[in-house]
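Trainee: Quick check, what structure comes out for this input:
(2 chains)
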2 protein chains.
Amino acid sequence: MKRTLYILILFLFISVTCFAQRPPSIGSPEVHADNSVTFRYYSRTAQKVSVSGEFSPTRIPMTKDTSGIWSVTVPSIKPDIYPYSFWVDSVNLADPNNTYIFANERFKRSIVDVPGNIPLVHSLQNVPHGKLSYRYHKSATLGTTRQLLVYTPPGFNPNGKVKYPVLYLIHGGSDTEETWTKVGRANLIADNLVAQGKAVPMIIVMPYGNVRPAPMADFTKDVMNDIIPFIEAAYPVLTDSKYRAVAGFSVGGGQTLNIGLTNTDRFAYVCSYAPFTQTEEFQKNFGPNYSPNADAVNKQLKLFTISVGTEDFLYEPVKKNIAFFEGKGLKVKSYIIPGGHTWMNCKQYLAKTLQEIFK
Amino acid sequence: MKRTLYILILFLFISVTCFAQRPPSIGSPEVHADNSVTFRYYSRTAQKVSVSGEFSPTRIPMTKDTSGIWSVTVPSIKPDIYPYSFWVDSVNLADPNNTYIFANERFKRSIVDVPGNIPLVHSLQNVPHGKLSYRYHKSATLGTTRQLLVYTPPGFNPNGKVKYPVLYLIHGGSDTEETWTKVGRANLIADNLVAQGKAVPMIIVMPYGNVRPAPMADFTKDVMNDIIPFIEAAYPVLTDSKYRAVAGFSVGGGQTLNIGLTNTDRFAYVCSYAPFTQTEEFQKNFGPNYSPNADAVNKQLKLFTISVGTEDFLYEPVKKNIAFFEGKGLKVKSYIIPGGHTWMNCKQYLAKTLQEIFK
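Mentor: Numbers count the residues shown, from 1 in each chain, chains lettered A, B, ... in the order given. Below is the predicted model:
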């Protein structure tokens, strides 16, 4: 009895001294069975707290209880993974109680997974899982060592006789090499589609694509001269162009067009998602003077696709991109679906791509 | 000319519509050659902004310039990796412009790397790098699928003749399976020590250790019955106890003691860092009735070490832990260094351990 009391006092003492500045342990977000989600944030001093998430066009006000916990329950959110953040008075921040952070260089948002009852293409399902490896590679082009992620499929054997096709998959403008997995769940999408027999087992390479000041020219060099040789030396891969694909989102969608269309002898699949192309660098390569040998390129490319959402802020420019490449005689397959310039859409673009390439 | 103007206007339009709520692109933290660091945060409305980091015992006020950017330059910080956050009025948040986040479930802090001139044990150096793999494993004990990280050393061949020793390395109480690499740089510490011949090539397994309500009993079962079998089936590892080690920090240090000392036939190395042991669960196993066969245990354990910093808030209880185990006749090697209950210290504890195990 005495000992229990002693331990309790010691524990309280430690809790107070060590965690004095910390809020009480609260669960946020709490996803309910009916797909409603409760968000919580602790502050005794804030005047106004709201949640801003891609599940809602407007900020949703939260209300404070007597213990200083602000909360709101958002009803029936469509199952998906959504970025969100809190506004505390005029400060925007990630949910302190949520481990899952949107991997990004410019903002800190949290992500909430509303799983729903039916497994989605990105859900963690009871199927064999591939491996996600974090690797360092030297870039002679950029004069530095950078990190990239490599997904290898279930059953992958680095020394076996099976050789694999490779998809190079590029994140958006201020994202990082982790965004395609942390937010886009590229690894789980691949696991699920392979398990369903809808995609062939492949290696997916997710490099860090932010290169300044020339994200197209310099990153294309990095991919061609550093990343591809690194991967092809380290993994058992098929090296014919029909086993090599490139895809990317937003700024990475622009990079995808540059990497793929300036190297059609190396990539048979070029899949650009909501590309951001309003740059002088893009115009240099793909301005009015761009004159591909359309017949030759159409023979080399087994798939050239541009995806975009009808609510994407780039919808109109992307439609112009598609018309432009069509005007040059290239066979472009467009994939236009509802939705905005979001990672909810990205997952759909990728799921579509994985089912179409290397077949 | 007309086209350039058009592009410029379009770009500005997109920037404004898409990024309207975003602050200007500012660099933070900026680490200077003299080890001073400039922190920056944008807010036109805040009354008071400060930076709180483990490089300083007190919050450091920042001042606002006419463009709304708050900043402060902290002089000559001792080279290391430090967690920090901003206080904006009464809101605590991670640095929005810093990609590197402290992997944790309860708070969101950023980390700043002050490299210094001499490579540190955790620096990214020009040496062969191992691979860090993110894996899913099923836990029958916990009835769920969890993620763990596996570091394999440079030159690792999953199908080769070489078999490796394994260190199971556990994070602190509210940390995640990523904290030992994202904050503790366990992979780079291993790369560097292996390159210098100071550590033997080994596999390091970093599971997710947060288990409630019984972090010791249930996690020990998870490690023994699920994680070890998963690793030993998937990797070429040596399975004699002298090739198996367990180490962990804080709550993970308490788990380490429980896992190791209740399984001395399976682990020859038990390395506990600043263990948090003020729990009833710990007292149950290691209270006054704990009566190990000291001679037998001392023969089984090639290394039993408890590390702590002299400024650690657990310094006194950890000293009592050491005295307690010594009082039971166990050979405990204590490693006491300056510093607090921090990941700066964790890196040193791990570096020490890696040089002592499997030899």
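Trainee: from here on, contacts and neighbour counts on C-alpha atoms
Mentor: Will do.
Trainee: What residue in chain A comes nearest to chain B?
Mentor: Chain A approaches chain B most closely through residue A:133 (4.2 Å), counting by Cα to the nearest Cα.
Trainee: my guess is that residue contacts residue B:130, does it?
Mentor: No: in this structure residue A:133 lies outside contact range of residue B:130 using Cα atoms under 8 Å: 10.0 Å.
Trainee: quick one, which of those two is more surrounded?
Mentor: Remark: of residue A:133 and residue B:130, residue B:130 carries more neighbours, 23 against 20, as counted by other Cα atoms under 10 Å in any protein chain shown.
Trainee: Residues of chain A that sit close to chain B?
Mentor: Within chain A, the positions adjacent to chain B are A:4, A:7, A:10-11, A:14, A:18, A:25, A:45-46, A:88, A:90-91, A:93-99, A:103-108, A:129-136, A:158-159, A:278-280, A:313 by Cα under 8 Å from any Cα of the partner chain.
Trainee: now those: which count as buried?
Mentor: Buried by 16 or more other Cα atoms under 10 Å in any protein chain shown: A:7, A:11, A:14, A:46, A:88, A:90-91, A:93-99, A:103-108, A:129-136, A:158, A:278-279, A:313, out of the residues of chain A next to chain B.
Trainee: The residues you listed in strands, which ones?
Mentor: Judged by DSSP state E, those include A:88, A:91, A:93, A:131-136 as members of strands.
Trainee: Quick one: these as CSV, columns for pLDDT too.
Mentor: As requested, these are exported to CSV (pLDDT from 0 to 100):
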residue, pLDDT
A:88, 97
A:91, 95
A:93, 96
A:131, 96
A:132, 97
A:133, 97
A:134, 97
A:135, 96
A:136, 96
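Trainee: and those as JSON lines, adding distance to residue B:351?
Mentor: Shown next, in JSON lines, are these (distance: Cα to Cα, whole Å):
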{"residue": "A:88", "distance to residue B:351": "41"}
{"residue": "A:91", "distance to residue B:351": "39"}
{"residue": "A:93", "distance to residue B:351": "35"}
{"residue": "A:131", "distance to residue B:351": "27"}
{"residue": "A:132", "distance to residue B:351": "25"}
{"residue": "A:133", "distance to residue B:351": "23"}
{"residue": "A:134", "distance to residue B:351": "21"}
{"residue": "A:135", "distance to residue B:351": "21"}
{"residue": "A:136", "distance to residue B:351": "21"}
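Trainee: Not counting sequence-adjacent ones, nearest residue to the most centrally placed residue in chain A?
Mentor: Geometric centre of chain A, nearest residue: residue A:180, 2.8 Å, by Cα atoms, centre = their mean. Nearest residue to residue A:180, sequence neighbours excluded (Cα to Cα, 6 or more residues apart in numbering or on different chains): residue A:186, at 5.7 Å.
Trainee: Helix, strand, or coil at residue A:44?
Mentor: Three-state assignment for residue A:44 (DSSP: H, G, I helix; E, B strand; the rest coil): coil.
Trainee: so what's it up against?
Mentor: Contacts for residue A:44 (Cα atoms under 8 Å, 6 or more residues apart in numbering or on different chains) come out as A:67-69.
Trainee: got any ranges where chain A has weak pLDDT?
Mentor: Applying pLDDT under 70 to chain A flags the ranges A:1-23.
Trainee: ok, how many other residues are close to residue A:233?
Mentor: Counted with other Cα under 10 Å, residues neighbouring residue A:233 total 10.
Trainee: So for the helix or strand it falls within, what gets flagged as buried?
Mentor: Assigned by DSSP states H and E, residue A:233 belongs to helix A:228-234. Neighbour-count burial for helix A:228-234, counted by 16+ other Cα under 10 Å, picks out A:228, A:230-231.
Trainee: could you dump the residues you listed to CSV with distance to residue B:31?
Mentor: Listed next are the buried residues of helix A:228-234 as CSV, based on distance: Cα to Cα, whole Å:
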residue, distance to residue B:31
A:228, 32
A:230, 30
A:231, 32
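Trainee: returning to that earlier point: so which of the contacts of residue A:44 are in strands?
Mentor: Taking DSSP E, the ones among the contacts of residue A:44 that sit in strands are residue A:69.
Trainee: Please consider this matter closed, and thank you.
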